[in-house]
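Enquirer: Could you work out the structure for the sequence below:
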Amino acid sequence: MTGTRYDVVTIGNAIVDIIAPVPSGFLDQETMQKGVMHLIDEARAESLYRKMPLQKQQISGGSAANTAAGIASLGGRASFIGKVNDDALGNFFADDLSAAGVHYNTKRLENGEATARSMILVTPDGERTMNTHLGACHQLTEADIDEQHIAAASITFMEGFLWDPPKAKLAFLAAARHAHKHARTVAFTLSDPFCVSRYRKEFLELIRSGTVDILIANIHELLALYQTGDLREAVRLLKSDVMLAAVTMGEDGAMAVCGNEEISMSAYPVDEVVDVTGAGDLFASGFLLGISTGLTPAKALRLGCSSASEVITHIGARPEANLETYVKQQGLFAAPLPQAL
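Expert: Modelled structure (predicted):
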């Protein structure tokens, strides 16, 4: 969009993902249920971090941060808003996200809880058991939302995961007001069926009131939103609620709903699906970058599906390949992105 500094600014939980291989006995020793995400307090987080193997990988994470990193990898201009503490992990988060090409300058939390971390323990069978301390990321407030920052982005995008903290909710509503004041677009992802179950009425109000212009959801979240087991019925209701939506359907690809039009796209084939973590985040990267730079919904859908196909070929929620090069190799665009969009 003309006059913008960023294609997309994303707002979400700022979390450092810490991934390490562990023997199965480690879970028993720490009384963890395999394959489950455990919410833990700061004391438990510190204790578990000390017990993790030395050979662990750290990366700046969180759904919206992953989406921003994907946009940057595609050659787009991305910014992220999320709260970290002024501590070692907060420094790491900021440096790592900046190294991925994402603008980040949210004011640090100087007191209070530590930077959020998600310790991901991978057992020999490939199962991932998560232990997450949300900490500082839930301290995002309206004071962290700068009107000119929002005005500088074609699209402002927020994750549903951040709807739990009341102050963060107010921050997003302020960002949406700023975006619409400056004729910008607001996008929202439902994030998780459990988020929908907690905030279904509020999420419906967001889209029906026009606070949200673009909705992104997977099929399970959409069905939960409309309390139906029938996808056709959910899509029928969706058409009357929001001007544009994208629905991901795993191996069945994705669909865009624009007015009365439905556009379907098959998933891009890959040699092997290794880890689906981050597929939805990276789909959002491609789809939102496409829309922000003027692609039709059909072409934006293609870019989203292509971006998602890279991240499922390896462990981790961030692209390992340069996505700009990757989508060119799939024959989507011949010229450099985002100029070719």
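Enquirer: in the stretch 1-150 of the chain, which spans are helices?
Expert: 24-29, 42-51, 63-73, 88-99, 147-151 (DSSP state H, counting those that start in this stretch).
Enquirer: Tyr226 is nearest to which of those helices?
Expert: Nearest to Tyr226 among the helices of the stretch 1-150 of the chain is helix 63-73; the distance by Cβ to Cβ comes to 22.0 Å. From N, CA and C alone the C-beta is placed, and that goes for glycine too.
Enquirer: Does anything pack onto that closest one? Which helices or strands?
Expert: strand 6-11, strand 78-81, helix 88-99, strand 153-159, helix 279-292, helix 323-329 (3 or more Cβ pairs under 8 Å, 6 or more residues apart in numbering; DSSP states H and E).
Enquirer: Surely Gln23 touches Pro124?
Expert: Small correction: residue 23 is Pro, not Gln. Yes: between Pro23 and Pro124 there is a contact at 7.1 Å, judged by Cβ atoms under 8 Å.
Enquirer: Of the two, which one has the most company?
Expert: Pro23 (12 against 9; other Cβ atoms under 10 Å).
Enquirer: any chance you could read off phi and psi for the more buried one?
Expert: Main-chain torsions, Pro23, degrees, to the nearest 10: phi -70, psi 160.
Enquirer: dump the residue contacts of it.
Expert: For Pro23, the contact set (Cβ atoms under 8 Å, 6 or more residues apart in numbering) comprises 123-124.
Enquirer: go with 10 Å
Expert: 29, 53, 121, 123-124 (Cβ atoms under 10 Å, 6 or more residues apart in numbering).
Enquirer: What of Pro166?
Expert: Pro166 makes contact with 138, 141 under the criterion Cβ under 10 Å, 6+ apart.
Enquirer: separation between it and Phe188?
Expert: To Phe188, Pro166 is 17 Å away according to Cβ to Cβ, to the nearest Å.
Enquirer: Repeat that for His220.
Expert: From His220 to Phe188 the distance is 17 Å (Cβ to Cβ).
Enquirer: picking that back up, compare the mean pLDDT across the helices and strands packed on helix 63-73 and name the weakest.
Expert: The minimum mean pLDDT among those belongs to helix 323-329 (a mean of 85).
Enquirer: just checking, what packs against that helix?
Expert: Packing contacts for helix 323-329, counted by 3 or more Cβ pairs under 10 Å, 6 or more residues apart in numbering; DSSP states H and E, involve helix 63-73, helix 279-292, helix 297-311.
Enquirer: which other helices and strands contact the last one?
Expert: Under the contact definition 3+ Cβ pairs under 10 Å, 6+ apart, helix 297-311 sits against helix 63-73, strand 214-218, strand 244-248, strand 254-258, strand 261-265, helix 279-292, helix 323-329.
Enquirer: now these as TSV including distance to Glu233?
Expert: TSV is the format used below for those (distance: least, Cβ to Cβ, whole Å):
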stretch	distance to Glu233
helix 63-73	27
strand 214-218	15
strand 244-248	13
strand 254-258	13
strand 261-265	13
helix 279-292	22
helix 323-329	34
